[in-house]
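[1] model this:
(one chain, ligands or ions: 1)
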Amino acid sequence: MSQLSSEVAEESRSREWLLISEVFSSHQGEGPSCGELSGFVRLGGCGLACVYCDTPYTWVYTERQQELHQEHKLYDPKEQLGRLHIASLANEILDMKANLIVITGGEPLLQINQVAKLISTVNESLVWKRFEIETAGVIVPDKLLTFENVKFNVSLKLASSGNADSKRLVPSAIEKFAAVGGRFKFVICRNTFQQDIAEVAQLQQHYRIPPENVWVMPEGVTQLDQVSGIQRLMPVALERSWNVTTRLHVLGYGNERGI
Ligand code: SF4
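    Here you go, the predicted structure:
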């Protein structure tokens, strides 16, 4: 490692703040805890570039990223992101009514050292919170594995996401998430439905993910997309003993932020 890289790595380890997009309370909209009252911490930045991403404001900050996302809209990180001290954020979490805290993004594991510090700080209090980390599953989550109150919702990206295979599928990370009982959630696109289902089945078999840890979810940021998508998906999931999830927040609010 060069001196500069080690200085950057050291700075990242010792950093006492998180790069945040938004903090809010709502109901968990997707996955195993769908419908549960939750506190959300949305972190900024992502190393992938999914064409259908529903949170482009967390990462579409360059012209190249603008090209890759379907909306082709450029966001300004100075307007979209802010720094929040870990101790302040921990207090905000402790004040939330929700028992479940969802740490999402962007890709929250890009700030894994600070996420670990945040969870440690919350755990030091007498208030018990559960955490779900929503990740694309491309970073080994080693620093978070010792926490008993952390679960991983791993949304591996399929070919239809538009990411290169080498970026979206990192075997060492997927194996680790599978070994610790991660819950795998897959976005199934309307236009590549059969191909997406076949790829989920292949990944499930390859990484020996039990079917009870697989969720499939229709792509879409409109209520119509969600209703037609789930109708198409349910019988297919039933055949394979997979779970299904909608995007409950889209059904409840449409394509809104911070809910
Ligand atoms: S990994 Fe998640 S946050 Fe990143 S681009 Fe894909 S959908 Fe968006």
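
[2] Could you list the low-confidence segments of the stretch 151-259 of the chain?
    Residues of the stretch 151-259 of the chain meeting the criterion pLDDT under 70: none.

[3] In this structure, where's the longest helix?
    helix 223-240 (DSSP state H).

[4] any idea which helix or strand comes after that helix?
    With elements assigned by DSSP states H and E, the helix or strand that comes after helix 223-240 is strand 243-244.

[5] So what touches that following strand?
    Here strand 243-244 makes contact (Cβ atoms under 8 Å, 6 or more residues apart in numbering) with P32, E212, V214, W215, V216, M217, I230, L233, M234, A237. Quick note: C-beta positions are derived from backbone N, CA and C, even for glycine.

[6] Now do the phi/psi pair for the third one.
    The phi/psi pair for V214 (degrees, to the nearest 10) reads phi -110, psi 130.

[7] ok, now the fourth one?
    Comment: the main-chain dihedrals of W215 come out as phi -120, psi 140, following degrees, to the nearest 10.

[8] Would you check how far apart it and V170 are?
    Going from W215 to V170 by Cβ to Cβ, to the nearest Å gives 20 Å.

[9] Ok, the last one next?
    Here A237 is placed at a distance of 25 Å from V170 (Cβ to Cβ).

[10] before we move on, the earlier item: tell me which two of the contacts of strand 243-244 sit farthest apart.
    For those, the farthest-apart pair by Cβ to Cβ is E212 and I230; their separation is 19.0 Å.

[11] Going along the chain, name the helices of the stretch 151-259 of the chain.
    165-168, 171-179, 193-206, 223-240, 248-253 (DSSP state H, counting those that start in this stretch).

[12] anything in the biggest strand by length in the chain near the ligand?
    Counting residues, the longest strand found in the chain (DSSP state E) is strand 17-27. No. Residues of strand 17-27 contacting the ligand under Cβ under 6 Å from any ligand atom: none, with a closest distance of 10.0 Å.

[13] What mean pLDDT does that strand get?
    Strand 17-27 shows an average pLDDT of 97 in the prediction.

[14] Quick check: closest non-adjacent residue to G258.
    Excluding its sequence neighbours, the residue lying closest to G258 (Cβ to Cβ, 6 or more residues apart in numbering) is F24, at 4.8 Å.

[15] In contact with Q65, which residues?
    Per Cβ under 8 Å, 6+ apart, neighbours of Q65: A49, W59.

[16] Now the helix or strand hosting it: buried residues?
    In this assignment (DSSP H and E), Q65 forms part of helix 63-68. By 16 or more other Cβ atoms under 10 Å, the buried positions in helix 63-68 come out as Q65, Q66, L68.

[17] cool, stretch 136-149 as well?
    Using 16+ other Cβ under 10 Å as the test for burial, stretch 136-149 gives A136, G137, V138, I139, V140, P141, L144, F147.
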